[in-house]
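Participant: no sequence on this one, just coordinates:
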Ligand code: URA
């Protein structure tokens, strides 16, 4: 693997930044300063030091994005910008894809990875990974509505939702919802089944991952080692 790609996938820096840092002598492989960004290395055996710190190689890339409104959760789209389009150009050519879907106007936590097996496991209906959303509704929701929501509702296509959790704000105009499944437009359709309407929806957690409030809308960062361990261990 090329050293600039290696530095990109391990989350040290982007490939564009790697070129500059290599030119400045900031990277060594097995103790020897790298001169050129097309230098090849074996990620499993070679020891890389980046700006004085040893680098741990990971086969997969994991990204936490704060999805803004107006972009779609897809790798490409003929019409709209995608979450992948928000990444630097050199990362768009990799195998990264969004793990699950948020609607175009839903905000918040989006996991992006190239680990297909992990994504498949987390998204499988039998996994029941919890997803927490902040929402606002057009009309206030009563305690009675909340009970119906929690017991499971029948959507317009006849689908019976699994029991979900809802915590209402004092004014009933919003709150937090916890789902363990992810049907198309699920929360919007659940509120419609209660003759209400979602006016704001933001995902604040996905399994063990929490939305990083330091990230502005559209910003992203690599997962930490701790977050990766929790995600991989998540059943
Ligand atoms: N439910 C929805 O209706 N939309 C989302 O984006 C996520 C959950």
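Facilitator: Thanks, I have it. From a predicted model like this one, the values you see are computed outputs, not experimental measurements.

Participant: can we go C-alpha only for contacts and neighbour counts from here?
Facilitator: Fine.

Participant: wait, doesn't residue 33 sit right on residue 25?
Facilitator: Yes - at 6.2 Å, residue 33 counts as touching residue 25 under the criterion of Cα atoms under 8 Å.

Participant: okay, now the nearest residue to residue 30 once chain neighbours are set aside: neighbour count?
Facilitator: Nearest residue to residue 30, sequence neighbours excluded (Cα to Cα, 6 or more residues apart in numbering): residue 47, at 5.0 Å. Residues lying near residue 47 (other Cα atoms under 10 Å) number 17.

Participant: ditto for residue 90
Facilitator: 12.

Participant: next one: the residue of the chain most remote from its centre, what pLDDT does it get?
Facilitator: In the chain, the greatest distance from the average C-alpha position (Cα atoms, centre = their mean) is reached by residue 32, at 36.3 Å. The confidence metric pLDDT takes the value 97 at residue 32.

Participant: just how off-centre is the helix or strand where residue 8 lies within its chain?
Facilitator: In the assignment (DSSP states H and E), residue 8 maps to helix 3-9. Centroid displacement of helix 3-9 relative to its chain, using Cα atoms, centre = their mean, to the nearest Å, is 21 Å.

Participant: what's the weakest-modelled helix or strand in this structure?
Facilitator: Taking mean pLDDT, DSSP states H and E as the measure, the chain has helix 89-92 as its least confident helix or strand, at a mean of 82.

Participant: next structured bit after that one?
Facilitator: strand 97-98.

Participant: that following strand near the ligand at all?
Facilitator: No - using Cα under 6 Å from any ligand atom, strand 97-98 stays clear of the ligand, with a minimum separation of 12.8 Å.

Participant: mean confidence for that strand?
Facilitator: pLDDT averaged over strand 97-98 gives 98.

Participant: what is that strand packed up against?
Facilitator: When contacts are defined as 3 or more Cα pairs under 8 Å, 6 or more residues apart in numbering; DSSP states H and E, strand 97-98 packs onto strand 107-113.

Participant: what helices or strands is the strand it packs on leaning on?
Facilitator: Using 3+ Cα pairs under 8 Å, 6+ apart, strand 107-113 sits against strand 62-67, strand 97-98, strand 198-206.

Participant: can you give the contact residues for the last one?
Facilitator: Outside of strand 198-206, the residues that reach it under the criterion Cα atoms under 8 Å, 6 or more residues apart in numbering are 105-109, 129-138, 187-188, 191, 210-211.

Participant: those residues also near the ligand: which ones?
Facilitator: Within these, those near the ligand by Cα under 6 Å from any ligand atom are 106, 187-188.

Participant: residues contacting residue 26?
Facilitator: Taking Cα under 8 Å, 6+ apart as the test, what residue 26 contacts is 33, 50-52.

Participant: switch to 7 Å and redo it
Facilitator: Contact partners of residue 26, counting by Cα atoms under 7 Å, 6 or more residues apart in numbering, are 50-51.

Participant: repeat for residue 125
Facilitator: Contacts for residue 125 (Cα under 7 Å, 6+ apart) come out as residue 181.

Participant: could you tell me how many residues sit around residue 133?
Facilitator: 24.

Participant: check residue 83 too.
Facilitator: Residue 83 has 25 nearby residues by other Cα under 10 Å.

Participant: related to what we said a few turns ago, who wins for most neighbours among the ones next to the ligand among the contacts of strand 198-206?
Facilitator: That'd be residue 106 among those, by other Cα under 10 Å, with 22 neighbours.

Participant: am I right that it is in contact with residue 69?
Facilitator: Yes - here residue 106 reaches residue 69: they are 6.1 Å apart, a contact under Cα atoms under 7 Å.

Participant: right, I'll call it a day here.
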